[in-house]
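# Prediction below, plus the sequence it came from.
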Amino acid sequence: AVENGDLLQQLADALDDYDREVGAEAIAKEPATHFLEYRRRVGGPFFGLPEPDDELAEALVEWAIEHAHDFVRAD
């Protein structure tokens with residue numbers, strides 16, 4: 001989904017910013033600490049882009065279109 005692409009771009013940009021601010025050497029010395037700080041900055045681990053309900057609805061509509069022949073009209 002497009003929303004996932006946007007999210008990946010936001011995360012990559014934030015990672016680049018974090019790496020410039022902190023430096024690769026400092027990150028390598030304490031990777032867990034810096035990972036948690038980066039995750040806090042980007043609002044993880046749940047990002048809300050796309051919202052789970054929206055993503056599920058999109059997948060359900062796509063599935064329904066692909067399986068339209070399986071729906072039987074009850075008269």
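That came through fine. Residues are numbered from 1 along each chain as shown.
# next structured bit after the longest helix seen in the chain?
When the chain is parsed with DSSP state H, its longest helix is helix 2-22. For helix 2-22, the following helix or strand on the C-terminal side (DSSP states H and E) is helix 24-29.
# and the angle from the helix or strand following that next one to helix 2-22?
Using DSSP H and E, the helix or strand that follows helix 24-29 in sequence is helix 31-41. Counting by axes from the mean of the first three to the mean of the last three C-alpha atoms, to 10 degrees, helix 31-41 lies at 130 degrees to helix 2-22.
# Buried ones in helix 31-41, by neighbour count?
By 16 or more other C-beta atoms under 10 Å, the buried positions in helix 31-41 come out as 34, 38. C-beta coordinates here come from the backbone N, C-alpha and C atoms, glycine included.
# Show me what it packs onto, helices and strands only.
Judged by 3 or more C-beta pairs under 8 Å, 6 or more residues apart in numbering; DSSP states H and E, the packing partners of helix 31-41 are helix 2-22.
# Just the mean pLDDT for the longest helix of the chain, thanks.
Average pLDDT, helix 2-22: 86.
# ditto for stretch 61-75
83.
# Put the alpha carbons of it into CSV.
Taking C-alpha atoms only, stretch 61-75 is exported to CSV below (Å, rounded to 0.1, in the frame of the first residue of the first chain):
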residue,chain,number,x,y,z
VAL,A,61,-12.3,-5.2,-0.6
GLU,A,62,-9.5,-6.5,-2.8
TRP,A,63,-10.3,-10.1,-1.8
ALA,A,64,-14.0,-9.6,-2.4
ILE,A,65,-13.3,-8.3,-5.9
GLU,A,66,-11.1,-11.2,-6.7
HIS,A,67,-13.7,-13.7,-5.4
ALA,A,68,-16.8,-12.0,-6.7
HIS,A,69,-17.8,-15.2,-8.5
ASP,A,70,-18.0,-17.0,-5.1
PHE,A,71,-20.9,-14.8,-3.9
VAL,A,72,-24.3,-16.2,-4.6
ARG,A,73,-27.4,-14.1,-4.7
ALA,A,74,-30.0,-15.4,-2.4
ASP,A,75,-33.6,-14.7,-3.7
